[in-house]
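In: With the sequence up front, the predicted model follows.
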Amino acid sequence: MDPIQAFRREDIPEVLGLFRTAFGQNGRSTPTQLDTYLDRVFFQSPWYDEALPSYVYRDRSGAIIGFAGVQPRPLVLRGRPLRGAVATKLMVSPNGGDALAAVKLLRRVFAGPQDVLLSDLSTDAGRRIWEGLGGITALLYSLQWQRPVRPARHVLSWLRARGVPGFITGALHPLGSMTDALLARSAAPLHSGLDGYTTDDLPLDVMATQFSAVCADRALRPAYDARALQWLLSVAQLNDPHRVLRRRLVRDARGQVAGWFLYLLEPGGASEVVQLLARKGSADAVFHMLLADARNCGAVMLSGRLEPSMVREMSTQHSYFRQVGPWTLAHTKDADVLSAILSGNASLSRLEGEW
């Protein structure tokens, strides 16, 4: 019997046990509402496709000792529809008895009918397996950007995290607040050319219908409709219930859509940008509106995956870039898709990744 089989709903209880063991022992966090997570993301997806299943690995007794998740994601390359997929939650029991189970699982996923396979939360070990099977590391999309929104408050948080007594940082808090207010006021004249840009709530139907126009200068992009976006954003929010998923639409002085941003807001802490998009020529305005919105909502720090088309705008706004987290990986036999990913000519935000 083939030890690798398609993941079925009746396998969920056993995979849940594996999930808790594998992720608990390696120190990684597990999704919230774990009991319903597997059914929600692998069987309730609007993109569910029986031809792109997830897989379990069984030992000789029939027990599940490994799992590789697959989440179908439709993509578009210059108007050509692609069957995309995201590989996620690769895990093997440490006592499973097959040292190559992870490699065999991922090889089976690679052999699927998808045009391109992505993964964006890979560890160093997962990256080595991926590249050993012929995949590549998308270095540009493995970079993270960070931008202090309230720099003085951020410094105080940094000092507290490194053991500076609370009575000292507390005493400095009023000075920090005043400093952040002065910095925000001094930056205002630099953006006088952005007059007329406004932000408002981002409706899902606008996001779906305007996606291709906003990403018109990128060769590779996701294909969304309002129903799929509703499901995806609900999953993102459920996976991080302690932060609010904030969606904002940016319009120019003529009322035209200039772009939008979505971020998980944590007032007084670090907020994570999950999608940041701008029309060609509007990147500076959209990024500025993101910073202003986060500041007004009480965020101290913003971070997110690098958006290659906005590097200059992020740099001039004093963002910094680094690679300290997970890797973004890709596997495809399509040279045009590979070129778009390696050159940064793709819209692959955190929203398009693993959830």
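Out: Yep, that arrived. Being a predicted model, the structure only gives us computed values, none of them experimental.

In: nearest spatial neighbour of Ser303, skipping sequence neighbours?
Out: Gln146 (4.5 Å; Cβ to Cβ, 6 or more residues apart in numbering). For every residue, glycine as well, the C-beta is placed using N, CA and C.

In: Now the one you found: which helix or strand?
Out: Assigned by DSSP states H and E, Gln146 belongs to strand 144-148.

In: Any idea how far apart the tips of stretch 219-234 sit?
Out: 27 Å (Cα to Cα, to the nearest Å).

In: So Leu264: helix, strand or coil?
Out: strand (DSSP: H, G, I helix; E, B strand; the rest coil).

In: begin at 481 from here
Out: All right, first residue 481 from here; so that's Leu744.

In: Helices of this protein, start to end?
Out: Using DSSP state H, the helices of the chain run over 492-505, 514-522, 581-590, 604-612, 631-641, 646-667, 684-694, 706-719, 763-776, 791-796, 815-822.

In: For Pro574, which of the ones you listed is the nearest?
Out: Shortest distance between Pro574 and these, using Cβ to Cβ, is found for helix 492-505: 6.5 Å.

In: any idea of the mean pLDDT in the closest one?
Out: Across helix 492-505, pLDDT averages out at 84.

In: Equivalent analysis for stretch 581-599, please.
Out: On average, stretch 581-599 scores 97.

In: re earlier: give me the angle between the strand holding Gln626 and helix 763-776.
Out: With axes from the mean of the first three to the mean of the last three Cα atoms, to 10 degrees applied, the angle from strand 624-628 to helix 763-776 works out at 60 degrees.

In: which residues are in contact with stretch 491-506?
Out: 487, 509-510, 514-515, 518-519, 536, 543-547, 569, 571-574 (Cβ atoms under 8 Å, 6 or more residues apart in numbering).

In: thinking again about what came up before, pull the CA atoms of the strand holding Gln626 into CSV?
Out: Presented in CSV, the C-alpha positions along strand 624-628 are these (Å, rounded to 0.1, in the frame of the first residue of the first chain):
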residue,chain,number,x,y,z
GLN,A,624,10.7,41.9,5.5
TRP,A,625,10.4,45.6,5.9
GLN,A,626,9.9,47.5,9.1
ARG,A,627,9.1,51.1,9.8
PRO,A,628,8.7,52.6,13.3
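
In: Run through the protein and note the low-pLDDT ranges.
Out: 503-512, 631-673 (pLDDT under 70).

In: Could you break it into its assigned domains?
Out: 484-622, 624-802 (automatic domain parsing).

In: and Tyr535, what does it touch?
Out: Ile484, Gln485, Ala486, Phe487, Phe547, Ala548, Val550, Leu585, Arg588, Val589.

In: brain fart, Ser799
Out: Ser799 neighbours (Cβ under 8 Å, 6+ apart): Trp625, Gln626, Arg627.

In: The last one and Met794 touch, don't they?
Out: By that I understand Arg627. Yes - Arg627 is within contact range of Met794, at 7.2 Å (criterion: Cβ atoms under 8 Å).

In: Quick check: end-to-end length of stretch 772-784?
Out: First residue to last in stretch 772-784 (Cα to Cα) measures 16 Å.

In: re the thing from before, the helices of the chain: which one's closest to Leu725?
Out: Closest among those, using Cβ to Cβ: helix 706-719, at 4.7 Å.

In: Distance from that closest one to the middle of the chain?
Out: Averaging C-alpha positions (Cα atoms, centre = their mean, to the nearest Å) puts helix 706-719 13 Å from its chain's average.

In: List the buried residues in that helix.
Out: Using 16 or more other Cβ atoms under 10 Å as the test for burial, helix 706-719 gives Ala708, Leu709, Trp711, Leu712, Leu713, Val715, Ala716, Leu718, Asn719.

In: ok, so of those, who is nearest Val754?
Out: Distances from Val754 to the buried residues of helix 706-719, taken by Cβ to Cβ, are shortest for Ala716, at 6.3 Å.

In: residues contacting that closest one?
Out: Applying Cβ under 8 Å, 6+ apart, the residues near Ala716 are Leu725, Leu744, Val754, Leu831, Trp835.

In: returning to what we had before: next one: the residue nearest to Ser783 from Ile609, what distance?
Out: Distance from Gln626 to Ile609, counting by Cβ to Cβ, to the nearest Å: 29 Å.
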